[in-house]
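J.: missing the sequence, but the structure's below:
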DNA sequence: ATTAATTTTTAGACTAATCTAAATTTTATT
DNA sequence: AATAAAATTTAGATTAGTCTAAAAATTAAT
């Protein structure tokens, strides 16, 4: 049974909203994520349910079935591999890749993806630090925490972002924050939860909003 | 005005049928090329006409306008660049690329294509020997002729194929015929128009059908 | 130059995906 | 527990693309 591009996008949205497909997701949340109306979501969710991709009970929200989850993970895999390709091979910057990867992720060819994976050297993470599922759908997650949770005095290394918006990524670029960069938390300001960090030999004060969208690993 | 994937495919079909968009094309021919019904073609052609991509008079066939031709050439450019990518970077063989390139050709991103072009080293021809239009839509054509037209005793070099079907390309592979390979026409058989050729140090008799689908340049 | 065959177009219907507006169910609040 | 608010679903309409069957135009053949 053929899956359409739209169905694939709904499944992906449900996956992301449901934290890797484990939680139940509301109609409204999907509508917001997909930039569409709740009534459209209801229609589509019924269809996905008939096709066996989601579990759905009226008024009770949706969750992915195993087959739905497998589809979602495969789309995520394709999306992230293409992102690596765009950055590593075509010199895109990390704030330019999302839109294009949204299109590329729907290309259907098993061989294309396995060859691309090999061509890129079997990358484990995309340019935003998110893990790339392997061919069997396995995702190995690293133990990352938000920068906002790091204690004063601790050294850490930047491993990912929570928000992948152009604005946020360009802020990071401007301040020379990139994946792999070392940071030290100098001081936390309780009043507004801002944090003073040392990056390279420079000091920088970042807001709580920023610190809440940056993943690090304490070293 | 946004152009849909389907519209793009119709424009491409009209371009190919009309020999690079110069000739008028019939409704039935388009229907056959697109594997759809003539009535569907009429509907679509009306829409394309309203949008200014084709000139159309009832019962008189269709031809591309300048803007339609520009769209077609751009799709062709993308298709052929992706084919080069698949063969050169992802180790596809030339009989496996068409289907995937059919999907990739619709990805919309100016930067993607210009970067891909650069990444591939600005190739001038795709793996089937067809020329790749440049960014401005310019196509430089080489003076190729069909192998069936080569005189006895002449040496030539294989530069392209007319038919890109899997079956034909696999026949060529099997017989070690590839782009760039030198051939010599030993003898032409008038009875069935078959041709005896020398390829490397081997002799091979090929049918007229084969010779009519292989482009060469006399050297 | 009629008639026959073929091609093309029209008319009307169908599916996928969407929308608005109204109805229903659930959740929150008094 | 009753009512108000919010979320969700239904009903009915719309658009893009397609289809079948019938009508109209063109081309071919007698």
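T.: Now that the structure is in, tell me what you want to look at. Since the model is a prediction, treat every value here as computed from it, not as a measurement.

J.: please name every helix or strand in contact with the strand or helix carrying residue A:72.
T.: Using DSSP states H and E, residue A:72 maps to helix A:66-88. Packing partners of helix A:66-88 (3 or more C-beta pairs under 8 Å, 6 or more residues apart in numbering or on different chains; DSSP states H and E): helix A:5-17, helix A:97-104, helix A:110-119. The way it works is simple: take the backbone N, C-alpha and C, and place the C-beta from them, glycine included.

J.: so which bits of the helix or strand following the first one are buried?
T.: Which is helix A:5-17. Scanning forward in sequence from helix A:5-17 by DSSP H and E, the next helix or strand is helix A:27-34. Using 16 or more other C-beta atoms under 10 Å in any protein chain shown as the test for burial, helix A:27-34 gives A:27, A:29-31, A:33-34.

J.: does helix A:27-34 come close to DNA strand D?
T.: Yes - contact of helix A:27-34 with DNA strand D (C-beta under 7 Å from any atom of the strand) involves A:27-29.

J.: residue contacts, the closest residue to residue A:17 other than its chain neighbours?
T.: Take residue A:17 and drop its neighbours on the chain: the residue closest to it by C-beta to C-beta, 6 or more residues apart in numbering or on different chains is residue A:25, 4.6 Å away. Counting by C-beta atoms under 8 Å, 6 or more residues apart in numbering or on different chains, residue A:25 touches A:14, A:17-18, A:61-63.

J.: quick one, phi psi at the most centrally placed residue in chain A?
T.: Centroid-nearest residue in chain A, with C-alpha atoms, centre = their mean: residue A:130, separated by 5.8 Å. Per-residue torsions, residue A:130: phi -80, psi 140 (degrees, to the nearest 10).

J.: so where does residue A:90 fall, helix or strand?
T.: Short version, using DSSP H and E: residue A:90 is in no helix or strand.

J.: before we move on, back to that, so which of the helices and strands packed on helix A:66-88 comes closest to residue A:78?
T.: With C-beta to C-beta as the criterion, residue A:78 lies closest to helix A:110-119 of the helices and strands packed on helix A:66-88, at 5.8 Å.

J.: buried ones in the closest one?
T.: Neighbour-count burial for helix A:110-119 [16+ other C-beta under 10 Å]: A:112-113, A:115-117, A:119.

J.: and if you look at stretch A:53-70?
T.: Residues of stretch A:53-70 classed as buried by neighbour count (16+ other C-beta under 10 Å): A:53-54, A:56, A:61-65, A:68-70.

J.: from the chain's centroid, how far away is that stretch?
T.: Put simply, stretch A:53-70 sits 20 Å off its chain's centre (C-alpha atoms, centre = their mean, to the nearest Å).

J.: same check, this time on stretch A:196-213
T.: For stretch A:196-213, the distance to the chain centre is 22 Å (C-alpha atoms, centre = their mean).

J.: what about it, how long is it end to end?
T.: Start to finish, the residues bounding stretch A:196-213 are 16 Å apart (C-alpha to C-alpha, to the nearest Å).
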